[in-house]
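>>> Compute the structure for the input listed below.
(one chain, ligands or ions: 2)
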Amino acid sequence: MEYTNGTNGVNGTNGVINKPRSGSRTLPFMTDVLGNSLNDRLLFAVPKKGRLHQACLDLLHGSDIQFHRHSRLDIALVKNLPLALIFLPAADIPTFVGEGRVDLGITGRDQVGEHEAVVPPTATSGVVEVLDLDFGKCALQVQVPQNGALSKPEDLIGKNVCTSFTALTEEYFRKLEAQQAGTEVSGDAKLKTNIKYVGGSVEAACALGVADGIVDLVESGETMRAAGLKAISTVVNTSAILIKSKHASDPKLVDLITARIKGVITAQKFVLCTYNINRSKLEEAKKIAPGKRAPTVTTLEEENWVAVSVMIERKRVAVAMDELTAVGAEDIMVTKLENSRTG
Ligand SMILES: Nc1ncnc2c1ncn2[C@@H]1O[C@H](COP(=O)(O)OP(=O)(O)OP(=O)(O)O)[C@@H](O)[C@H]1O
Ligand SMILES: O=P(O)(O)OC[C@H]1O[C@H](OP(=O)(O)OP(=O)(O)O)[C@H](O)[C@@H]1O
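Numbers count the residues shown, from 1 in each chain. Ligands and ions are numbered 1, 2, ... in the order given. Just a heads-up that it's a prediction; the model follows:
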């Protein structure tokens, strides 16, 4: 089935979903610099650089969202859907989506948390998390020098803390200070901890004497260790998420894009495992690999033997193969999934 809103040159034909827009949104800029109208398109914000950029491009490719981005242009029209991609810094995406200027976006959960700590969501503004994308996983952690005197977050109260996430850090220390004082958390109380903004290379702040501790993202832990730091607390765990505005202009297209992206994520997360087994061992094998709903079992020409086909989580596959072998499975084969649509 093909999707069109009937305004991008693809007119409604058999099997085409017709334009389901819920009210027109007139954007201040209305056209991109190439003169194309953006008002009839769903706007989808994608990180323009940084850790999430390439994974997002791979996801769009896997979802058959076809576009050509002119060099230096931060807007790209999608050729096969009434959609325009807007390339923005990950940190700004919650603002654009939260204000309803952009319908959909991909960013880190940490960025949404930071935005919401400054601009709390209301019934009509703010973002809705649609899908966890299972990449960009890391943790925003409180870190202090490995060989220093500080060993717990409370030790940083009243001291200097550097971070790029000032709002989440303030929220964290506000709670900590209230806990220590045995009072209610209050936004009006003066914060004892001095939180300073730095835009990057946060890990250098302690060694350079700018901070006693930092709050920064940790993935592998290499940056932190190389800087002589250790984590003493986690402010938030994060991963990349698909978010939508509370007034997304085309809910059906939002659902279609969500389903496609979910299909790609599932395909990356699972593999298809096939094996042959004697029917008498089938129940044991099913316990090892029960599948998403149930394994597909096909009778083989050889008496009492069946062929089984089942989805297994990629990270579990080696262990599952060992265990299937141990219960008598033979000819085990694992196939990478290109794409999927599952419940
Ligand atoms: N080491 C990491 N591992 C996994 N994900 C990360 C890592 N660092 C950052 N991220 C995720 O990517 C998001 C964007 O971070 P990144 O620093 O790449 O952005 P950026 O737009 O290049 O910002 P800046 O210009 O401030 O560095 C973060 O908010 C976080 O969700
Ligand atoms: O635990 P690790 O795997 O070492 O990753 C963590 C590092 O990655 C991010 O920085 P990035 O490289 O994006 O650069 P930045 O410091 O300039 O933000 C983050 O701010 C840490 O410095």
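>>> List the buried residues for the helix or strand Gln179 falls within?
Using DSSP states H and E, the element containing Gln179 is helix 166-181. For helix 166-181, the neighbour count (16 or more other C-beta atoms under 10 Å) marks Thr166, Ala167, Leu168, Thr169, Glu170, Glu171, Tyr172, Phe173, Arg174, Leu176, Glu177 as buried. In this view, the C-beta of every residue, glycine as well, is placed from N, C-alpha and C.
>>> Just give the nearest non-adjacent residue to the fifth one, would you?
For Glu170, ignoring the flanking residues on the chain, the nearest one in space by C-beta to C-beta, 6 or more residues apart in numbering is Ile195 at 5.5 Å.
>>> What of the second one?
For Ala167, ignoring the flanking residues on the chain, the nearest one in space by C-beta to C-beta, 6+ apart is Ala117 at 3.5 Å.
>>> CA-only coordinates of the one helix or strand that neighbour maps to, as CSV, when you get a sec.
Element membership for Ala117 (DSSP H and E) is helix 109-118. Listed next in CSV are the C-alpha coordinates belonging to helix 109-118 (Å, rounded to 0.1, in the frame of the first residue of the first chain):
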residue,chain,number,x,y,z
ARG,A,109,15.7,10.5,26.5
ASP,A,110,18.3,12.6,28.4
GLN,A,111,17.6,15.6,26.1
VAL,A,112,13.9,15.3,26.7
GLY,A,113,14.5,15.2,30.4
GLU,A,114,16.7,18.2,30.3
HIS,A,115,14.1,20.1,28.3
GLU,A,116,11.3,19.2,30.6
ALA,A,117,13.3,20.2,33.6
VAL,A,118,13.3,23.7,32.1
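>>> Tell me the helix or strand right after it.
Downstream of helix 109-118, the next assigned helix or strand under DSSP H and E is strand 127-132.
>>> Tell me the strands beside that following strand, with direction?
Sheet pairing of strand 127-132 (DSSP bridges) gives strand 240-245 (antiparallel).
>>> The strand it pairs with near ligand 2 at all?
No - if you take C-beta under 6 Å from any ligand atom as the test, strand 240-245 misses ligand 2, and the best it gets is 13.7 Å.
>>> Give me the distance from that strand to the chain's centre.
Mean-position distance between strand 240-245 and its chain equals 7 Å (C-alpha atoms, centre = their mean, to the nearest Å).
>>> could you check the angle helix 109-118 makes with that strand?
For strand 240-245 against helix 109-118, the angle by axes from the mean of the first three to the mean of the last three C-alpha atoms, to 10 degrees is 40 degrees.
>>> Alpha carbons of strand 240-245, as CSV, please.
Only the C-alpha atoms of strand 240-245 are listed here, as CSV (Å, rounded to 0.1, in the frame of the first residue of the first chain):
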residue,chain,number,x,y,z
ALA,A,240,17.4,7.2,21.7
ILE,A,241,13.6,7.6,21.5
LEU,A,242,11.1,8.5,18.9
ILE,A,243,8.9,11.4,20.1
LYS,A,244,5.8,13.1,18.8
SER,A,245,4.1,16.3,19.4
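>>> ok, then the element right after that strand?
Downstream of strand 240-245, the first helix or strand assigned by DSSP H and E is helix 251-269.
>>> helices or strands up against that next one?
strand 42-47, helix 53-62, strand 127-132, strand 240-245 (3 or more C-beta pairs under 8 Å, 6 or more residues apart in numbering; DSSP states H and E).
>>> Residues touching the last one, excluding its own?
Strand 240-245 is touched from outside by 52, 55-56, 93-94, 97-109, 112, 127-136, 254, 258, 261, with contacts defined as C-beta atoms under 8 Å, 6 or more residues apart in numbering.
>>> let's see it at 6 Å
With contact meaning C-beta atoms under 6 Å, 6 or more residues apart in numbering, strand 240-245 is reached by 52, 97, 100, 103-106, 108-109, 127-133, 135-136, 254.
>>> now the second one
Contacts of helix 53-62 from elsewhere in the structure, counted by C-beta under 6 Å, 6+ apart, are Val46, Pro47, Ile106, Phe135, Ile261, Val264.
>>> 7 Å instead?
The contact list for helix 53-62 (C-beta atoms under 7 Å, 6 or more residues apart in numbering) reads Val46, Pro47, Ile106, Leu133, Phe135, Gly136, Ala240, Ile261, Val264, Asn339.
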